[in-house]
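Asks: Next input, structure requested:
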Amino acid sequence: VAGLGNYGLRGTRHSVGMAVLDRLARQLAVSGSWRADRQCCADVALAATHGLDMVLLKPRRLMNLNGLSIASAAEIYNLRPEDIYLVHDDLDKALGQVAIKLGGSARGHNGVRSCISALHSNEMTRLRVGIGRP
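Replies: Numbers count the residues shown, from 1 in each chain. Prediction:
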C-alpha cells in the first residue's frame, strides 16, 4: 500500500495519501516501525492483518517521481502491479469522499502517471481520496 504525496510537504491536501498511510499504520499497530529504506527511497513499515502481509510505503520523492520508489519496492518485495494499492488525492471529489478505482488511466494525476510509467502497467488498485478544489 503506497501513499502518494510530496514528502517534504506533509499536512497538505496533495499529500493526503501519506496521511492515510500514517493512520493505517496506527490502526495496524506498526506506526513506531517506520524506517527509511535507501534502496527504494521511501519510508517503509511492514504489517500483517487477516492473514495478509503488507508493505506500507511512503515515497521520499516529489509526487511526480513517486513511481520510482514504488517500482523499486515492487522489485525488492517481489510484487506485481496488481498487488499494489495506491492511495492518492483526487481534486474532482469532494473533501473526504473516497472511491476505489481498479486500473485504468492516471486521469491527470502526476503521481499515478509516474507509477504507471515506472511499473509499465496501469493495473494498480487506487484509493482516491477527495480533497475538493480550493
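Asks: Tell me which stretches of this protein form helices.
Replies: 16-27, 66-76, 110-119 (DSSP state H).
Asks: the inter-axis angle of the last one versus helix 16-27?
Replies: Meaning helix 110-119. 80 degrees (axes from the mean of the first three to the mean of the last three CA atoms, to 10 degrees).
Asks: out of the helices of the chain, which comes closest to residue 97?
Replies: helix 16-27 (11.7 Å; CB to CB). (C-beta placed from N, C-alpha, C; glycine too.)
Asks: How far off centre is the closest one?
Replies: 10 Å (CA atoms, centre = their mean, to the nearest Å).
Asks: quick one on the thing from earlier: will you turn the helices of the chain into a markdown table that also has distance to residue 8 and mean pLDDT?
Replies: Compiled in a markdown table, these are given as follows (distance: least, CB to CB, whole Å; pLDDT from 0 to 100):
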| stretch | distance to residue 8 | mean pLDDT |
| --- | --- | --- |
| helix 16-27 | 11 | 95 |
| helix 66-76 | 13 | 97 |
| helix 110-119 | 14 | 96 |
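Asks: and those helices as JSON lines, adding mean neighbour count and distance to residue 102?
Replies: Formatted as JSON lines, the helices of the chain follow (neighbours: other CB atoms under 10 Å; distance: least, CB to CB, whole Å):
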{"stretch": "helix 16-27", "mean neighbour count": "19", "distance to residue 102": "17"}
{"stretch": "helix 66-76", "mean neighbour count": "22", "distance to residue 102": "17"}
{"stretch": "helix 110-119", "mean neighbour count": "21", "distance to residue 102": "13"}
